[in-house]
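> give me a 3D structure for the following:
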Amino acid sequence: MLEPTLSVLDQSPISAGGDGAQAIAETLALARHCDGLGFHRYWLAEHHGTPALAGSSPEILIARVAGLTEHMRIGAGGAMVNHYTAMKVAENFRLLEALFPGRVDLGLGRAPGGDRWPDRDYFHHLQHLLELLDEPNDRPGSGRPEVWMLGASAHSARHAAALGLPYSYAHFINQQGGAALMSTYQQAFQASQYLAQPAGSIAAFVICADTQEEADRLALSREGFLVSQRTGIPGPIPAPETVRGTAYTAPQQRMMAHIRNQSIIGPPEKVRAQLLLLAHAHGAEEVVVLTITHAFEARLRSYQLLAEFF
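Residues are numbered from 1 along each chain as shown. All right, here's what the predicted structure looks like:
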């Protein structure tokens, strides 16, 4: 089994007791940390209207993170292009590519909320965006980022195949049917000026710690956050002790167990083995790792352990 390339997805989580400014400062520190550890890409997420995630403008963060790092590709994972005109996205990312040649990625996504376009209109929007990115490089802001299609549905897999783009499957969002969707993408792929053969990655939630007990404790924070978010009580990322001390209902407890079962959590040897199996099952050459903990030091440690064991 070939070993996948490792990359990072950072949602800039806001921990209880902290704030958005602290979360962004931690994003910058984590990017420098991962650049030194040898990770391939560093993708910055886009979220709006949540007290738990601070990254609302990946293009601004890309400029800052790329300036602080030397080796990794830096990109949007992703830009929620249903919120913006194609011209605005194209010009932002052509300019970023001009500032950091050969290092910028544009991951294309469609977030809930905002404009709810029919799928055919969204596909045309993507086509228009690619046309703008491919305009002659004869003015300031020229240059073309590496474009990826992101998603966790059949729509995104079909779009990636039809447009001839690499596809990153969001396993951390939808753990069901990913292997079939990746197979659909690979079989339907149409060679393009961007890519001759299908290329894919899988984005997974991972916590790596020195022991299983410590990894399980750290994982409580994301589980508590997601249960609160999904039951209408959004808030920042709680401490593990807060989650342990909360009296959850039976349905909430089942939801927490489901989240735990769909995550990759444990010491390095276990995590490495599970990531290899996940990548192989999905035919993915790259794993994009999302890690959220309440304590920033635990997140730093998790990525360090991954780098050491890959």
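
> for Y122, what are its contacts?
N82, R110, H155, H159 (Cβ atoms under 8 Å, 6 or more residues apart in numbering). Yep, even glycine has a C-beta here, placed from its N, CA and C like the rest.

> wait, the second one touches Y84, no?
In other words, R110. No: applying Cβ atoms under 8 Å, one finds R110 not in contact with Y84, separated by 11.2 Å.

> returning to what we had before: for the contacts of Y122, which one is nearest E131?
Using Cβ to Cβ, H159 is the member of those that lies nearest E131, at 15.1 Å.

> thought the closest one was touching Q127?
No: applying Cβ under 8 Å as the test, H159 and Q127 come out as separate, 9.6 Å apart.

> okay, R110 and Y84: which has more neighbours?
The neighbour count for R110 versus Y84, taken as other Cβ atoms under 10 Å, is higher for R110 (24 against 17).

> let's have the contacts of Y122 in TSV, adding secondary structure, pLDDT and distance to A23.
Below are the contacts of Y122 laid out as TSV (DSSP: H, G, I helix; E, B strand; the rest coil; pLDDT from 0 to 100; distance: Cβ to Cβ, whole Å):
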residue	secondary structure	pLDDT	distance to A23
N82	helix	90	24
R110	coil	88	24
H155	helix	93	30
H159	helix	97	31
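
> closest to S168 among those?
Ranked by distance to S168 (Cβ to Cβ), these are led by H159 at 12.3 Å.

> tally of neighbours for the closest one?
So H159, with other Cβ under 10 Å, has 22 neighbours.

> from L165, how far out is it?
To L165, H159 is 8 Å away according to Cβ to Cβ, to the nearest Å.

> quick check: neighbours shared by those two?
Common neighbours of H159 and L165 (Cβ under 8 Å, 6+ apart) are M149.

> beyond the helix or strand of the chain with the lowest mean pLDDT, next helix or strand please.
When each helix and strand of the chain is scored by mean pLDDT, DSSP states H and E, helix 119-133 comes last, with a mean of 93. Following helix 119-133 in sequence order, the next helix or strand is strand 146-151 (DSSP states H and E).
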